[in-house]
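Engineer: Model the following, please.
(chains A and B)
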Protein chains: 2
Amino acid sequence: MRQVAVGIDIGGTNTAIGVVDMDGSVLYETQLSTPQKKDNPDATLDMSDKLCNIFIGQITSAIHEAIATVKKSISDLEVKGIGIGAPFANYYDGTMGITANLPFVSVVPLADLIQARLPGIHIVKVTNDANAAALGEMIYGGAIGMRNFVMIALGTGLGSGIIVDGDLVYGHDGLAGELGHVTVEPGGRHCGCGSIGHLEAYCSATGIKRTVFDLLAKYHLIESPLANVTYNDMTSKMVYEAALKNDPLALEVFEYTGEILGRSLADTVHALRPEAIFLFGGPTASGEMLFGPTRKSMEHYLLPFYRNKIKLLPSKLKAGSVAIVGASALVWKELDKNK
Amino acid sequence: MRQVAVGIDIGGTNTAIGVVDMDGSVLYETQLSTPQKKDNPDATLDMSDKLCNIFIGQITSAIHEAIATVKKSISDLEVKGIGIGAPFANYYDGTMGITANLPFVSVVPLADLIQARLPGIHIVKVTNDANAAALGEMIYGGAIGMRNFVMIALGTGLGSGIIVDGDLVYGHDGLAGELGHVTVEPGGRHCGCGSIGHLEAYCSATGIKRTVFDLLAKYHLIESPLANVTYNDMTSKMVYEAALKNDPLALEVFEYTGEILGRSLADTVHALRPEAIFLFGGPTASGEMLFGPTRKSMEHYLLPFYRNKIKLLPSKLKAGSVAIVGASALVWKELDKNK
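Structural biologist: Predicted coordinates:
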């Protein structure tokens, strides 16, 4: 029997569904549109339930189709379970919380709804995308064999998954791991969550962009290609490209980002003493430009007996498929727990 | 058989040794002097080894004596093991690290040395005092039945023990749980560890005292009894006593302390989502004077979906015996793991 898991990533725009083998290879992948806030303009419960029902139907149809397609080439396929990464997803009760982007006005019992339509599959587990990525790193990636590490996902915001003693930290109610919302600059930048001075307002693709404008305001008459880009047009990739050409402003943006990220990672080390911290997501494509200042800062802020011991590493998961692959890791982890 | 554990607390001045039953009652307690830095003025390895040898001998003699004494009244005594709380103690390898106050110039293999002299006892475990207190809270105190909580010990510094999924977080090398050294004020106060802006420089008995002088400097001509006390004479208890008499300066010290502690605890909640946070130690005797501002600040800084869910509680362990009782909890925890 060739054992596989289904990995599902419910994103703000698209939902990706894939069949993943035990090595983390994606054997088949498909996508469907995630229902949007605008589909339920009056935010009614009726419309929310209706959209949810349609969405779950689409997901289960896509799962059937995916399995059928893979079975054409692998006849002795055994589907061990379904893992789902979703916003505010709660591992303990299998639900997805209410989020700003989706049209659902009540908590969605995601695992139950899917399991009810797929009675032959006994494992259906959910968690948020950063937690799923951490499991993916442990099961398929650079953290194989590690029992204590932290995964930091840098994107629009900053997500995190914390592994302690070989398992994800879910906390008392399944919603632990929000390192993007620790305070790093009291009285500092406004965060998307409504609070002030949070890590993700500095260390994320958006944070990098904001730092450009902070530094443009700080200095007098700057000669940088970034001075010709509007706030709305600016991307962290532009900053990276300018830094590659030794633009001093862009280089300082990475120094600044690394200084704050490294300091915050040192805090996390002081609390949890992980073996390694993995960075993942768009801004990590800048490599040492980001890792260098971050490592330097982390080491500076670490207590002496932690220094030169914590590995700061790029994720080994492939950028394109990490969401699906991470979600599928929930299944292997669950099987491992039930052993 | 009446099962008991031996709890040992190696402090900077005294070492306390007690026999503790399964309810956390101390049946017998004795003390001996901890060897001092000044006993090894040239910091030689020879003298370090000699002092260590004498110290271990004194501890094991005291254990024999303690057990013999308790046996006089409880003839069917069964000693299940020895738990030791010590500075920089490492649960994984049973060692005590090098510290500023003690005369030992190399790492002390504490568990091995004691076990070698007491071959009949099969469990000898060490950890630091804050971790031991966290275990004590879980096994005898207010955290019975809790699987995720954090213990904060406010003393000269700030120690912490983190429980995730029913066990202490030791991290990759046994030295996790240093929440006193997370950065809360970048560029702020100097910490005893040599770094800047750490939590324990603000939220500890020493931190409270330092805040008095910060506020004395801030305002113009203050009428407060605290303005008549030198830095070296000031204690956190004096601040509490002044606050009880509604001294505005003293009240503001507690507000300030609670603001920073609450913000940092919110960071910890965002990372770990504990069920409760317990505060322990001298400054907690001030009760709501400290808990009130801390709770208010923590709630203010929490992400909306964590609000009004995290219990902020005083430890239920008795102040006088917590070190011994906490250390003894290591034994019951170990027995529970081996089940």
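
Engineer: how many other residues sit next to residue A:216?
Structural biologist: Residues lying near residue A:216 (other C-beta atoms under 10 Å in any protein chain shown) number 15. Where you see a C-beta, it was placed from the backbone N, CA and C, and this is true even at glycine.

Engineer: On the pLDDT front, check it for me.
Structural biologist: Residue A:216 is assigned a predicted lDDT (pLDDT) of 95.

Engineer: And the one 3 residues further on, by the same measure?
Structural biologist: At residue A:219, the predicted lDDT confidence score is 93.

Engineer: Now it: closest residue in space that isn't a chain neighbour?
Structural biologist: Excluding the flanking residues, the one nearest residue A:219 by C-beta to C-beta, 6 or more residues apart in numbering or on different chains is residue A:249, at 7.7 Å.

Engineer: I figured the one you found hits residue A:217, correct?
Structural biologist: No - in this structure, residue A:249 is not within contact of residue A:217 by C-beta atoms under 8 Å, at 11.5 Å.

Engineer: Tell me which of the two has more neighbours.
Structural biologist: Using other C-beta under 10 Å as the criterion, residue A:249 and residue A:217 rank with residue A:249 on top: 21 against 8.

Engineer: Which strand or helix spans the more buried one?
Structural biologist: Here residue A:249 sits within helix A:248-272, counting by DSSP states H and E.

Engineer: which of the residues in that helix are buried?
Structural biologist: For helix A:248-272, the neighbour count (16 or more other C-beta atoms under 10 Å in any protein chain shown) marks A:249-272 as buried.

Engineer: so it versus helix B:248-272, what angle?
Structural biologist: Counting by axes from the mean of the first three to the mean of the last three C-alpha atoms, to 10 degrees, helix A:248-272 points 90 degrees away from the direction of helix B:248-272.

Engineer: Could I get the full set of strands for chain A?
Structural biologist: A:2-10, A:14-21, A:26-33, A:77-85, A:89-90, A:95-96, A:124-127, A:149-154, A:158-164, A:167-168, A:276-280, A:311-314 (DSSP state E).

Engineer: Next, residue A:222: phi, psi?
Structural biologist: Taking degrees, to the nearest 10, you get phi -100, psi 130 for the backbone angles of residue A:222.

Engineer: got a list of what it touches?
Structural biologist: For residue A:222, the contact set (C-beta atoms under 8 Å, 6 or more residues apart in numbering or on different chains) comprises A:215, A:216, A:249.

Engineer: my guess is residue A:261 contacts residue A:203, does it?
Structural biologist: Yes - applying C-beta under 8 Å as the test, residue A:261 and residue A:203 come out as touching, 4.2 Å apart.

Engineer: nearest spatial neighbour of the residue minimising distance to the centre of chain A, skipping sequence neighbours?
Structural biologist: In chain A, the residue lying closest to the centroid (C-alpha atoms, centre = their mean) is residue A:130, at 3.2 Å. Among residues not flanking residue A:130 along the chain, residue A:159 sits closest, at 3.1 Å (C-beta to C-beta, 6+ apart).

Engineer: So what's the residue count around the one you found?
Structural biologist: 26.

Engineer: now residue A:311
Structural biologist: Here the number of neighbours of residue A:311 (other C-beta under 10 Å) works out to 15.

Engineer: how does chain A divide up, domain by domain?
Structural biologist: Domains of chain A are assigned by automatic domain parsing as A:2-141+A:320-338, A:149-315.

Engineer: Would you convert those into a markdown table that also reports distance to residue B:33?
Structural biologist: Listed next are the domains of chain A as a markdown table, based on distance: least, C-beta to C-beta, whole Å:
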| stretch | distance to residue B:33 |
| --- | --- |
| domain A:2-141+A:320-338 | 47 |
| domain A:149-315 | 27 |
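
Engineer: Give me the phi and psi for the nearest residue to residue A:213 once chain neighbours are set aside.
Structural biologist: Spatial nearest neighbour of residue A:213, excluding adjacent residues (C-beta to C-beta, 6+ apart): residue A:231 at 6.2 Å. With angles defined as degrees, to the nearest 10, residue A:231 sits at phi -60, psi -40.

Engineer: Now that we're looking at residue A:231, what pLDDT does it have?
Structural biologist: On pLDDT, residue A:231 comes in at 96.

Engineer: before we move on, what about residue A:192?
Structural biologist: 89.

Engineer: what's near enough to touch it?
Structural biologist: Residue A:192 is in contact with A:157, A:200, A:201, counting by C-beta under 8 Å, 6+ apart.

Engineer: burial measure for the closest residue to the last one other than its chain neighbours, as a count.
Structural biologist: Just to be clear, that refers to residue A:201. Nearest non-adjacent residue to residue A:201, counting by C-beta to C-beta, 6+ apart: residue A:189, 4.0 Å away. Residue A:189: 16 surrounding residues under other C-beta under 10 Å.

Engineer: what sits against residue A:189?
Structural biologist: Counting by C-beta under 8 Å, 6+ apart, residue A:189 touches A:196, A:197, A:198, A:201, A:202, A:207, A:210.

Engineer: What residue in the stretch 1-150 of chain A comes nearest to chain B?
Structural biologist: Across the stretch 1-150 of chain A, the shortest distance to chain B (C-beta to the nearest C-beta) belongs to residue A:148, at 4.6 Å.

Engineer: Please apply the same query to the stretch 201-339 of chain A.
Structural biologist: Distance from chain B to each residue of the stretch 201-339 of chain A (C-beta to the nearest C-beta) is smallest for residue A:273, at 2.6 Å.

Engineer: Mind pulling the model confidence for that residue?
Structural biologist: We have a pLDDT of 97 for residue A:273.

Engineer: ok, and the closest non-adjacent residue to it?
Structural biologist: Among residues not flanking residue A:273 along the chain, residue B:171 sits closest, at 2.6 Å (C-beta to C-beta, 6+ apart).

Engineer: contacting residues around residue A:105?
Structural biologist: Residues in contact with residue A:105 (C-beta under 8 Å, 6+ apart) are A:40, A:43, A:44, A:45, A:48, A:98.
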